[in-house]
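**Q** Okay, predicted coordinates and the sequence, questions at the end:
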Amino acid sequence: MALLLIGWLAVTGAGLVLATPAQADGDPASDVLATQALYLPQDAHFRPSAQQQLEAELFATAGGRTPLRVAVIASRSDLGSVTALWRRPAAYARFLDQELSLVFGGPLLVVMPNGTGVAGDPHLRPGLRAALSSAAPTTGTATDLERLTLTAIGRWLRASGQQISVGLPGRPRSGATDILAIVALALGGALIAVCWALSLRSRPLGSGLTSSVDP
């Protein structure tokens, strides 16, 4: 389901954008969020499954009455020239709200390793605002940042009454499934080879052919 949503977004041009952490502008996130729903720098290191889920969830919020825009700030460099707001998600959310005021007036979610910040839409219901800001800080790992972001957006969806059947992505696969597939493929190839060899022993090549030349 998430892959279909991602494909639809790519075709229509309304997709979400991966942002590079270093841009010439003083505040890269405000440039991206002026036209897109997500600022996700490369140094956030989201796994593909987490990124797909994040895109699906933000696509779901876009279908509601209060579309959400999200800035994931994984490191100080993601802030461009406003590095003084590093580890101050609430202050940075207010800063983004001012930067985007001419093009977007809806709710903004800022996610940093030490927590979340919410701004925008002064008429936002307290319950929705609390859903975005109640996620716990992380320990600083990329996976924790994923979970913090997805937890906040998932709570937003539930608080706003929107239904989407997605959950937090699981742990990366151990590789056991891939190993079993390789073993099965090897056994299948060996079985085919054995059957071919037995067939040759019982009926050597050329034994069923007759000579076209008279003795």
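**A** Arrived safely. Quick caveat, the model's predicted, so the values are computed rather than measured.

**Q** Contact partners for residue 69?
**A** By C-beta atoms under 8 Å, 6 or more residues apart in numbering, the residues touching residue 69 are 33, 36, 37, 38, 100, 104, 106, 107, 108, 109, 120. Glycine gets a C-beta too; all of them are placed from N, C-alpha and C.

**Q** ok, residue 131 - contacts?
**A** Residues in contact with residue 131, defined by C-beta under 8 Å, 6+ apart, are 152, 155, 156, 158, 159, 160.

**Q** Quick check: which element contains the third one?
**A** Taking DSSP states H and E as the criterion, the element that holds residue 156 is helix 142-159.

**Q** so residue 145 makes contact with residue 72?
**A** Yes: between residue 145 and residue 72 a contact is recorded at 6.9 Å, counting by C-beta atoms under 8 Å.

**Q** Overlap in contacts, these two.
**A** In contact with both residue 145 and residue 72: 44, 46, 111, using C-beta under 8 Å, 6+ apart.

**Q** To which secondary structure element is residue 118 assigned?
**A** strand 115-119.

**Q** Which residues outside that strand are in contact with it?
**A** Under C-beta under 8 Å, 6+ apart, the answer for strand 115-119 is 88-94, 96-97, 107-110, 129, 132-133, 135-137, 148, 152.

**Q** What sits closest to residue 132 if chain neighbours are left out?
**A** residue 118 (4.6 Å; C-beta to C-beta, 6 or more residues apart in numbering).

**Q** From residue 50, how far out is that neighbour?
**A** Separation of residue 118 from residue 50 (C-beta to C-beta, to the nearest Å): 21 Å.

**Q** which of those two has more neighbours?
**A** residue 118 (25 against 21; other C-beta atoms under 10 Å).

**Q** Can you give me the buried ones in stretch 98-105?
**A** If you call a residue buried by 16 or more other C-beta atoms under 10 Å, then stretch 98-105 has these buried ones: 99, 100, 104.

**Q** any idea of the pLDDT on residue 62?
**A** Residue-level confidence at residue 62 comes out at 82, pLDDT.

**Q** Find the nearest non-adjacent residue to it, please.
**A** Distances taken as C-beta to C-beta, 6+ apart put residue 37 closest to residue 62, at 6.4 Å, once the chain neighbours are dropped.

**Q** ok, back up a step: now, the contacts of strand 115-119 that are in helices?
**A** Using DSSP state H, the subset of these located in helices is 89-94, 96-97, 129, 132-133, 148, 152.

**Q** and the helix holding residue 156 with strand 115-119, angle?
**A** Computed by axes from the mean of the first three to the mean of the last three C-alpha atoms, to 10 degrees, the angle separating helix 142-159 from strand 115-119 equals 40 degrees.

**Q** what residue ranges in the chain score low on pLDDT?
**A** 1-25, 134-140, 163-191, 193-215 (pLDDT under 70).
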